[in-house]
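**Student:** next come a sequence and a model predicted from it.
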Amino acid sequence: MQIYLPIAEISVNIFLILGMGGAVGFLSGMFGVGGGFLMTPLLIFTGIPPAVAVATEANQIVASSVSGALAQWRRGNVDVKMGTILLGGGVVGAVIGVQIVKILRQIGQVDLIISLSYVTFLGIIGSLMLVESLNAIRKSRGAEGGAPTRRPGQHNWIHGLPFKQRFKRSKLYISAIPPLIIGVLVGFLAAIMGVGGGFVMVPAMIYLLRVPTNVVVGTSLFQIVFVTALTTILHATQNQTVDAVLALLLMTGGVIGAQFGVRVGQKLKGEELRALLALLVLLVCIRLGYNLIATPDDLFSIGRAIGGH
């Protein structure tokens, strides 16, 4: 069953889009990520223009993240104080990112920059996460009770920073500066790449801030909801690239999938969740990297555009 997307200006299979939304919603609830790192490339692969895919996926992330965040809230896995600081930085980053997208569209380089951004960030973060999680799994199986991945006293340079705050839910007493900087980066990525930024925020909170894994998932979703909502509004008003029909289909599938993802995530250990997320990140990175170097199916598409035929 085909449906026409007015902003993207193409027809797509409605069940395919619903299924994609459900799969990404599942990932959102399971890992505490918005899922845009997977959905935006999938939309591009199906023929959606990159600028429309980025802006519309931010809209879909709002719905799936709300669903996942509410489920995590009921389980007491949200650190509201830390989430608020992350959100403050996210707003700043999102505003900057939307303006950069606007400039890139004007000079015709937005498609290339989006793809290169994905390959770079996903490759680095996925590799680091996979190595760490595999080490954690190996240590936990080789010693009684496992070796802790977070030990008091680590990262002393963070503890030496000013503006310290007590985060009771995360059981931390650290500076507000690192969460604020992480928030700015996540907001920027949300605007540039159409992602919730969870694939950056989750490992940063676990490995840099030493937040417990279960609290990371809920707090990440809490921040993602508001940052992606702002990003969607800015893209719609300034770049006119949000396709409401596409967003509605993705949101419908995403809300349902997130509930199932939360249930599955509760049954897995923290290091197992991180390993699975790392593998997904690397798979998407490899696929996008291949697209950048592979020979196009139609070698004459640019020539036709120039020739006007």
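**Tutor:** The structure has been received and is ready for your questions. Numbering: from 1, shown residues only.

**Student:** from Val80, how far out is Leu283?
**Tutor:** 33 Å (Cβ to Cβ, to the nearest Å). Quick note: C-beta positions are derived from backbone N, CA and C, even for glycine.

**Student:** can you tell me which residues contact Val192?
**Tutor:** I think there's a mix-up here, since residue 192 is Ile and not Val. 54, 97, 100-101, 113-114, 117 (Cβ atoms under 8 Å, 6 or more residues apart in numbering).

**Student:** of those, grab the buried ones for PyMOL.
**Tutor:** Here is the PyMOL selection string for the buried members of those, based on 16 or more other Cβ atoms under 10 Å:
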select buried, resi 54+97+101+113+114
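
**Student:** surely Met193 meets Thr40?
**Tutor:** Yes - look at Met193 against Thr40 with Cβ atoms under 8 Å: they come within range, at 6.5 Å.

**Student:** where do the contact lists of those two overlap?
**Tutor:** What both Met193 and Thr40 touch, as defined by Cβ under 8 Å, 6+ apart, is the set 54, 114, 118.

**Student:** next, give phi and psi for the last one.
**Tutor:** Here is the backbone geometry of Tyr118 (degrees, to the nearest 10): phi -60, psi -50.

**Student:** in which helix or strand would I find the spatially closest residue to it that is not a sequence neighbour?
**Tutor:** Spatial nearest neighbour of Tyr118, excluding adjacent residues (Cβ to Cβ, 6 or more residues apart in numbering): Leu288 at 4.9 Å. For Leu288, the element it lies in under DSSP states H and E is helix 270-293.

**Student:** so for that helix, mean pLDDT?
**Tutor:** In this model, helix 270-293 has a mean pLDDT of 74.

**Student:** list the helices and strands that helix packs on?
**Tutor:** Helix 270-293 is packed against helix 14-31, helix 36-45, helix 110-142, helix 198-203, helix 213-234, with contacts defined by 3 or more Cβ pairs under 8 Å, 6 or more residues apart in numbering; DSSP states H and E.

**Student:** relative to helix 213-234, how tilted is it?
**Tutor:** Angle of helix 270-293 versus helix 213-234, following axes from the mean of the first three to the mean of the last three Cα atoms, to 10 degrees, is 40 degrees.

**Student:** from the contacts of Ile192, which shows the smallest pLDDT?
**Tutor:** Ile114 (73).

**Student:** that one is in contact with Ala55, isn't it?
**Tutor:** No - using Cβ under 8 Å as the test, Ile114 is too far from Ala55 to be in contact (11.2 Å).

**Student:** may I ask which helix or strand of this protein has the lowest mean pLDDT?
**Tutor:** None of the helices or strands of the chain scores lower by mean pLDDT, DSSP states H and E than helix 301-307, at a mean of 45.

**Student:** low-scoring stretches of this structure, by residue?
**Tutor:** Segments of the chain classed as low confidence (criterion: pLDDT under 70) are 28, 31-36, 60, 63-64, 142-162, 194-199, 265-266, 268-274, 294-309.

**Student:** repeat the analysis, applying 50 as the threshold.
**Tutor:** Filtered on pLDDT under 50, the chain yields the residue ranges 144-155, 301-309.

**Student:** can I get the helix holding Leu288 as CSV, trimmed to CA atoms?
**Tutor:** Provided in CSV are the C-alpha atoms of helix 270-293 (Å, rounded to 0.1, in the frame of the first residue of the first chain):
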residue,chain,number,x,y,z
GLY,A,270,24.4,-3.5,31.5
GLU,A,271,27.5,-4.8,29.7
GLU,A,272,25.3,-6.9,27.3
LEU,A,273,23.2,-3.9,26.4
ARG,A,274,26.3,-1.9,25.6
ALA,A,275,27.8,-4.7,23.5
LEU,A,276,24.6,-5.0,21.4
LEU,A,277,24.3,-1.2,21.0
ALA,A,278,28.0,-1.1,19.9
LEU,A,279,27.4,-3.8,17.2
LEU,A,280,24.4,-1.9,15.8
VAL,A,281,26.3,1.3,15.7
LEU,A,282,29.2,-0.3,13.8
LEU,A,283,26.9,-2.0,11.3
VAL,A,284,25.2,1.2,10.4
CYS,A,285,28.7,2.9,10.1
ILE,A,286,29.9,0.2,7.7
ARG,A,287,26.8,0.5,5.6
LEU,A,288,27.1,4.3,5.3
GLY,A,289,30.8,4.1,4.6
TYR,A,290,30.2,1.6,1.8
ASN,A,291,27.7,4.0,0.2
LEU,A,292,30.2,6.8,0.2
ILE,A,293,32.8,4.8,-1.8
